[in-house]
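Asker: Need the 3D shape of this:
(one chain, ligands or ions: 2)
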Amino acid sequence: MKDINIGSAISDLKKFGFLNIEPNPDLDLFSEIEKLKKEKNAVLLAHYYQEPDIQDVADYIGDSLGLAQEAEKTNAEIIVFAGVHFMAETAKILNPQKKVLLPDLNAGCSLADSAPADLFKKFKERYPDYLVISYINCSAEIKALSDIICTSSNAQKIIESLPAEQKIIFAPDKNLGAYLMKKTGRDMVLWNGACMVHEIFSQEKIAKLKVRHPNAKLIAHPECEEHILRMAEYIGSTTGLLKYTETDSSKEYIVATETGILHQMQISSPEKTFIPAPPDNNCACNDCPHMKLNTLEKLYLCMKYEMPEITMDAEILKAAKKPIERMLSISKQYGL
Ligand code: 13P
Ligand code: SF4
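Answerer: Numbers count the residues shown, from 1 in each chain. Ligands and ions are numbered 1, 2, ... in the order given. Have a look, this model is predicted:
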């Protein structure tokens, strides 16, 4: 069977984005993607929450910090970002001259959406002598209004690197912010945002699961709510959680974060059992609907036609770059 007709595909792309084209079902998308990477000098960066097929074909799989660091140092001409919009946007901010592609432009983030820039600007005006630390899960406009960006891997160190008397606004994740206040003993002003995936876990169902699996350890991402974090035996970023399961002696884990990370946990420790922490209802699950908008098919089409591409306002890009660079430099200082 022939591959799709390029002329009609391009006109379809113009009219509808990728909505109504499918790659030829006979294509081996894994080898086609490998070919496209070489032909176009493209690097494929994927977050741990991507579907397993995408993780398997990626050049680098990581958490938000690792991905930003890879984006900063890549020599590739094209960065293909298998993640969500704010991550691809961060790669673009660090590489304004390069083409940055995202397989589905609608791959957003409920946490980033919880902080609209106009409201945040007004909020910030109420605290004139405060320094703004924003979690990387926010829009470029919020980054442009921030002093330092952080991720779940480096937030504690970044806060601790500041003088004790420095007043801080932390945005947009209130759960991560509350966790950091506890860890650092700093009193921060928190923006009231949260991630829809990490707020879905059921304390009661986890407790029941622990009765059935008495040796299973609960491990959790710090975006989870306080009552879940209180039950956890280890709390960390996706990379932190993965490393913990690689070095810890337990054989069974209940994992309170997005399910995509289980793929790498299972690859690293095939002899261990990983159970996704149960959600508090019967229909919504702990798969991020934004992350899971990317598919292998969309990834192939995006690399083949070099769209959708991330484009940005030059002024916002410039202003958003400073706090990201500050984060990367503090992280380097601490060997993160
Ligand atoms: P990390 O990649 O920092 O672990 O954050 C998880 C997340 O929610 C990304 O959207
Ligand atoms: Fe955003 Fe949560 Fe999805 Fe991460 S898991 S992209 S924070 S909605």
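Asker: OK, contacts around residue 275?
Answerer: The neighbours of residue 275, taking Cβ atoms under 8 Å, 6 or more residues apart in numbering as the test, are 209, 213, 216, 252, 253, 254, 255. Where you see a C-beta, it was placed from the backbone N, CA and C, and this is true even at glycine.
Asker: Separate out the buried members of these.
Answerer: Buried by 16 or more other Cβ atoms under 10 Å: 209, 216, 253, 254, 255, out of the contacts of residue 275.
Asker: a markdown table for those residues, including distance to ligand 2?
Answerer: Output for those, formatted as a markdown table (distance: Cβ to the nearest ligand atom, whole Å):
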| residue | distance to ligand 2 |
| --- | --- |
| 209 | 21 |
| 216 | 22 |
| 253 | 19 |
| 254 | 18 |
| 255 | 13 |
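Asker: among those, which are in strands?
Answerer: 253, 254, 255 (DSSP state E).
Asker: For residue 326, grab the count of nearby residues.
Answerer: 17 (other Cβ atoms under 10 Å).
Asker: the strands in this protein, which residues?
Answerer: Counting by DSSP E, the strands of the chain are 42-47, 60-62, 78-82, 99-101, 131-135, 148-150, 168-171, 189-190, 217-220, 234-235, 252-256, 273-276.
Asker: now the longest one, how far from the chain's geometric center?
Answerer: Just to be clear, that refers to strand 42-47. Distance, stretch centre to chain centre, for strand 42-47: 13 Å (Cα atoms, centre = their mean, to the nearest Å).
Asker: Now that strand - C-alpha only, CSV.
Answerer: Coordinates of each C-alpha in strand 42-47 appear next as CSV, following Å, rounded to 0.1, in the frame of the first residue of the first chain:
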residue,chain,number,x,y,z
ALA,A,42,16.1,15.8,14.8
VAL,A,43,16.2,14.8,18.4
LEU,A,44,13.2,13.2,20.1
LEU,A,45,12.7,14.2,23.7
ALA,A,46,9.9,12.4,25.7
HIS,A,47,8.5,12.8,29.1
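Asker: In terms of secondary structure, what does it contact?
Answerer: helix 29-40, helix 52-57, strand 60-62, helix 64-73, strand 78-82, helix 296-305 (3 or more Cβ pairs under 8 Å, 6 or more residues apart in numbering; DSSP states H and E).
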